[in-house]
Every structure is written in structure tokens, then in C-alpha cells.
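J.: Kindly generate the corresponding structure for this input.
(chains A and B)
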Amino acid sequence: MAHKEHENGNGYEESKLYRIRHSAAHVMAQAVMDMFPEGEAKIAIGPPIEDGFYYDFDLPRPLTPEDLEVIEEKMRETLSEDHEFKRRELSAEEAREIFKDQPYKQELIDGLESGGVDEHGQPLDEKPVISIYKHDDFVDLCRGPHVKSTKEIDPGAVKLLNVAGAYWRGDEHNPMLQRIYGTAWESQEALERYLDKLEEAKRRDHRKLGQDLDLYSTSPEVGSGLVLWHPKGAMVRHLAEEYCKDEHLAHGYELVYSPHIGKKSLWETSGHLTWYDENMYSPIEIDEEEYFLKPMNCPFHIMIYKNDLHSYRDLPLRWAEWGTVYRYERSGVLHGLMRVRGFTQDDAHIFCSPEQMPEEIDRVLNFCLHILRGFGIQDFHAYLATRDPEKSAGEKERWDNATDALRAALDRAELDYEIDEGGAAFYGPKIDLKMIDALEREWQLSTIQFDFNLPDRFDLVYIGEDGDQHRPYMIHRALLGSMERFVGVLIEHYGGDFPLWLAPVQAVMIPITDRNLPYVKEVAEQLRAAGIRVEVDDSSDRMGAKIRDAEKGKIPYMLVVGDREEEAGTVAPRLRTGEQLDPMSVEDLLDRMLEEIESHQ
RNA sequence: GCCGACGUAGCUCAACCCGGCAGAGCAGCCGCCUUGUAAGCGGCAGGUUACGGGUUCAAGUCCCGUCGUCGGCUCCA
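T.: Prediction:
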């Protein structure tokens, strides 16, 4: 979710835009320094990021929105003048002298000098040269690059966006600094395009559409991060679930159900109370025993497995559950449907033999892509998270096998993916698929994870061909991730214009006069009988107002019926795009709609 | 959790800065209109100003706390 520092491999760091933003960050820091008496403002770092830049400050007081205006105005002044950006390389001693009032810069210099870490505290491969850049009267420790002069930046193409808190070096044990986010472009026109894009993103925000389209709400009386699904949102979720469940059954899965709570000892065996304690809610006492709300479904599926002795002939077992879990998430991270405290995963666990594992991985990944395609989702980033030698359960050889299988599956599916080196959980490597929301923030949906831990902890076995006991492989996977997050992503992906098969209301009938109402009701019954979700707008509004309501409700088909249609036994469809179709018979309309509904698979 | 902003009718907002009768549009309800592709007309109703405390003759407005939301940070098995 963090703003990305670099765009991947498209030369952003070499681009003019990168230099413009980097330089704008310096000009902003200069303006902020000027607002405070000598020595009171401390500066940290100020890099370009995707779509803009930021700079972190340690200031004697919080900045206000009015401050931003003042800073922006000062920046424009500087940018309308001609100040050269001058680079100079220097020794650590000299740099320390120049930044003697700047403790954060001192720390940076120490990191650079020791050859240890860069400005984010990340280890460096080689010892860097220490350099400073100066424009006007402002000097910053900086490796560059910058524009040649402030006059290369269009003063009208720079805008400060907001001020936010950020920990020094991204560590919550460090002091919190004030970060000003800004954006800069090559021209005012480009800036305006970007700002329009932000506005458009606000219109697509699932939280706004969730309210406007009456899909869901949350209530302070119920609690943060606990979703109330209204009928229309519940319909979207139901349709998504129904489609997925059918596909699971058609792809070799069986459905299971499990309870919402389990005894303390279960969570001790699973290790959750040791490793996942922070995210679990306080126990409930029942008959002098402690029970915990489940943060995951795995232990229950494992207990189903353990209820029987399994032969290699039984494997693979693929057990799926729409399992509702509860996790404590820190209050500041909750976000609409995307990050909540109670959610339903489309969870499944696959138990298989080591020999079956590569094929199972292949099948899961292909199934996953098939399901996402069914929802019209193609834009995602794939990650392969590999072993962190510092914290990993199970032998290295099994990790290597599993990681190879994951990589092979990604290759066979011809997916572009990034390796998240050492990013695996301690119990096994995984593939993650992350989608982007309206503001290009990434949200993880699909995950396919190996687990080398739970089968050991629960002593899972199957009897092999040789008559001996063997340890099965266990794969966790969720394809949509959670229904909450997935519906959130769907809302933003479609901007509320759900494809016909997912639209909670597929058609609204619009009689032009009350005379037409009996005929309209008859047609609505016909459509309903064919499975179409149709409503009749029998209000006393005029047709124009009814159309307006339907457009605001993003209803795919508006079926206008006046005397002409009634006499001809037709309806006049209008699509939410504004397109008007020629009047057609109910049969033709049904053919068209049913075909459109089927087309998603 | 941390930093900052914000919380007024179902929704969007005004009144807040500078304390003095809480107001509009939309939605809702009632009535009239019977309408041809994005708002017909009139009326009615709608509020413990998130919650709790404080200052004051007087608090939506100022102060403190709690809850919630938003933007970031951190976190995200």
C-alpha cells in the first residue's frame, strides 16, 4: 500500500519527471525551512515517488492546510526564478560540518560513510560517494539527479497534496515526522490531468459507491471493521459466491463447514496463540474452558482430516469453505471493505502427497486465473515469496521443491511475476496475486501458500503404497481472498457498473403513464420467471426522473414502456451507457440479456 | 497503535473563525399532474448538532475525554 518508490524497469529514475520531482522536493524543503527560525526545522529525506514526491520534517509545531498554501506560494516564487542545482562531492567530515544542526542528516552521513545503509536504512552493496546539491540558499545531502535549474520546473505544474505522519526510517520505534506529499509534472496540463484522475478515483471509491448504491454500511454501534451487507451488496456477494462454489465443485473440490470458535488447546497446537496472538480476540469462557474466535480456518480442516485414517489413494483432498474469520487489526489500518476485522475467506486446503504437489500447484494457479477471468479481472501483480533463512520451519529441501513448483506453475501460466526474496511466512513459500484499486493501491486477493508447519504440529499422516506412514503436503489457498475485499475490488474495478450477471438489479421497468402499469407488471413477471432481477418504477415521477434514478442506481437495462410499446407488445430498452435500443419483443430482450449473462464464463 | 484533519436530518452541505431561536437542496411521506429517454408542481414531516464532561447568563460554535470516519505511517499468515 505504500507509494512505490520506483516504477519497475521503465526508466523512471532516469526520466526528466523524476528529476523534476526530486528537485521540487528540495524547493519545498527550502520553503519549509524559511518558515521557521534558524535551527528549529529539521529535515529528513525527500525522495520522488510514483506520481510525485514527499519530504519529511521534524518541526516545532504541526503544519496546517494554510501552511501548505504558504509553502506552495513560496515554491512558486523560487521556481519562477533561475537557480542552478549545483552538485558537489565531499568528505563525510565536511558534510557533517555543513549539516551540523541537522541530526537526521548526521545519521544519514554515518550510514553512507560506514558504507552500510542508504537513506531508508536499507543495506547498500557498495560504499557510496557523498554528495550535496545546492540551489539558491538551500543545501541538501543528496545523490541526485536534479534538473539543471529551478526554471526548468513549471511553477503551475506543482501542487502540495497533504501532510501526514511518518516514522523516521519507517520504524515505529523512531520519532514521528511530518511528511508533506506533493506532486509535480512537466506541465500544468499534465498536473490537471493527474488531479482529474484523482477526482475520478474518488468517484470510483468503493466506500462512496457502497453508500450511493446502498451496498453495505458499517455502524459505530456494531463496531469498526464489521460489515453490514445491505440487500443489494449481499446480492453481489451471493452471486460471486454462488459462481465460485459451483466452479469449485466442478474442479474437484468438496465443501466443508466449521464453527466460528474453537478451544484454546486447538490454537495452542496450531501455534496461533504463540505466533498470531496479537491478531486474536480475547477468549470466551464456556464451562470453565477458554474458546477463541477463529482467525483462520486451517485447524478445523485439519481436524476433519484427522477424523479419518487416510490412504495415498484418498489424496489429493481439496476442501473448501467460505469461512468467516475474525482478526484484530489496528484501528488505523481499517479501510472500507478492503481491510476489516471480520471477513469471509474463500478458503481451501489441499492435502496431497509430495509427488502430487507440482500438479496440484499447477491446477490451483490455473483455477485461480480462471475464476478471476470469470470476474473480468486481468490487472494484477504476481509475487513469488521465497524462504527467509532466518525464520523458516521445515527442511530446506522441501522449501526448494515447493518454491520450484510455484515458479514452474507461474512460468507455465506465462505470468509476469516478481520475486519477493525472503518474503515467505515462516511456514512455507507462496504465490500472491495483488489487484490495484481506484487509487492504484495494491490489495492482495489470491494467495497460494505451502505449509510445512501445521502438518507436523498436528502430526498429519497418510498411509503410502509402501504401507508406511507419510507426511502429506498441505496447501492453503484463497482465490478471491475475502468476500469483503473482493467485492470492494469489484466495485472499484467496474466503478459500480457491475456486469449484467453481477448487477443486483438487472433491469428497471419504466411505465410512461399509469395506463401502462398493468402491461409493465405482466412483462416484469415474464422477466422474473426467466430469472431476471427486475424492478418496476411505479412512482408518479415523469419518465425523465425515472431514468435519472435508474442511471444513478447504475441499473444496466431501463425498459421504457408507453402506449406505443404496449400496443406493439414490445419494450424500449435504454442501456446505462445512454444507448437506446430499438423497441423489441420480450422474447428478444430475454435472449439478449440471457446471452449477456452467460458470456462472463 | 502513531501523526494530522474531520464528525450538523437518510444523503450533500450552511450556521463554527468572532458563543445569542439549527437552515437549505435532494431523498421520504401526502396531494395534484399522466407524462416519450438524466430532476413536473405544491404541501408535510424530518435534529439529544457522534457520545460524555467542562467553561459560560447562554455552547452546534470554546476546552478536555471517548467513539467513529478520512489521509498517511507502521502492520498485514
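J.: Count the residues that sit near A:Glu152.
T.: A:Glu152 has 16 neighbouring residues, counting by other C-beta atoms under 10 Å. In this view, the C-beta of every residue, glycine as well, is placed from N, C-alpha and C.
J.: ok, it - contacts?
T.: Applying C-beta atoms under 8 Å, 6 or more residues apart in numbering, we find A:Glu152 in contact with A:Ile20, A:Ser23.
J.: again, 10 Å this time
T.: With contact set as C-beta atoms under 10 Å, 6 or more residues apart in numbering, A:Glu152 has these partners: A:Lys16, A:Arg19, A:Ile20, A:Ser23, A:Leu79, A:Asp82, A:Phe85, A:His146, A:Glu186.
J.: show me where the stretch 51-200 of chain A has helices.
T.: If DSSP state H, counting those that start in this stretch is used as the criterion, the helices of the stretch 51-200 of chain A fall at A:65-80, A:92-98, A:103-113, A:188-204.
J.: any idea which of the ones you listed is most buried?
T.: With neighbours defined by mean count of other C-beta atoms under 10 Å, none of these is more surrounded on average than helix A:103-113, at a mean of 19.
J.: tell me which strands and helices it is in contact with?
T.: If contacts are counted by 3 or more C-beta pairs under 10 Å, 6 or more residues apart in numbering; DSSP states H and E, helix A:103-113 sits against strand A:42-43, strand A:52-58, helix A:92-98, strand A:138-141.
J.: That one near RNA strand B at all?
T.: No. Helix A:103-113 is not in contact with RNA strand B by C-beta under 7 Å from any atom of the strand; minimum separation 14.5 Å.
J.: ok, now stretch A:374-394?
T.: No. Applying C-beta under 7 Å from any atom of the strand, one finds stretch A:374-394 out of contact with RNA strand B, separated by at least 8.6 Å.
J.: So what's the gap between that stretch and the chain middle?
T.: Chain-centre distance of stretch A:374-394: 14 Å, with C-alpha atoms, centre = their mean, to the nearest Å.
J.: can you check stretch A:12-27 too?
T.: 27 Å.
J.: and it, average pLDDT?
T.: In this model, stretch A:12-27 has a mean pLDDT of 93.
J.: likewise stretch A:160-174?
T.: For stretch A:160-174, mean pLDDT rounds to 92.
J.: Look at the residue in the stretch 201-350 of chain A that RNA strand B sits nearest to and tell me its secondary structure.
T.: Residue of the stretch 201-350 of chain A nearest RNA strand B, by C-beta to the nearest atom of the strand: A:Gly332 (2.0 Å). Judged by DSSP: H, G, I helix; E, B strand; the rest coil, the three-state class of A:Gly332 is helix.
J.: sorry, back to before: whichever of the contacts of A:Glu152 end up buried, select them in PyMOL.
T.: Entered in PyMOL, the line below selects the buried ones among the contacts of A:Glu152, by 16 or more other C-beta atoms under 10 Å:
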select buried, chain A and resi 19+20+23+79+85+146
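J.: any idea which of the contacts of A:Glu152 is closest to A:Asp411?
T.: Nearest to A:Asp411 out of the contacts of A:Glu152 is A:Lys16 (C-beta to C-beta; 36.1 Å).
J.: Identify the residues contacting the residue of the stretch 351-500 of chain A found nearest RNA strand B.
T.: Among all residues of the stretch 351-500 of chain A, A:Ala425 sits closest to RNA strand B, at 4.0 Å; criterion: C-beta to the nearest atom of the strand. The contact partners of A:Ala425, taken as C-beta under 10 Å, 6+ apart, are A:Trp275, A:Ala385, A:Arg387, A:Asp388, A:Lys391, A:Ser392, A:Ala393, A:Gln449, A:Phe450, A:Asp451, A:Asn453, A:His476.
J.: Quickly list what it is bridged to.
T.: Counting by DSSP bridges, A:Ala425 is bridged to A:Gly428.
J.: what pLDDT does it get?
T.: 85.
J.: Repeat that for A:Arg96.
T.: What the model reports as pLDDT for A:Arg96 is 93.
J.: Near RNA strand B, which residues of the stretch 401-550 of chain A? Just list them.
T.: A:425-427, A:439, A:441, A:444, A:512-515, A:539-545, A:547-548.
J.: Show me the residues you listed that map onto helices.
T.: Among these, DSSP state H puts A:Met543, A:Gly544, A:Ala545, A:Ile547, A:Arg548 in helices.
J.: that older thread, CSV for the contacts of A:Ala425, including distance to A:His120 and secondary structure?
T.: As requested, those are exported to CSV (distance: C-beta to C-beta, whole Å; DSSP: H, G, I helix; E, B strand; the rest coil):
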residue, distance to A:His120, secondary structure
A:Trp275, 27, helix
A:Ala385, 21, strand
A:Arg387, 24, coil
A:Asp388, 19, coil
A:Lys391, 22, coil
A:Ser392, 25, coil
A:Ala393, 30, coil
A:Gln449, 28, strand
A:Phe450, 30, strand
A:Asp451, 32, strand
A:Asn453, 31, coil
A:His476, 32, strand
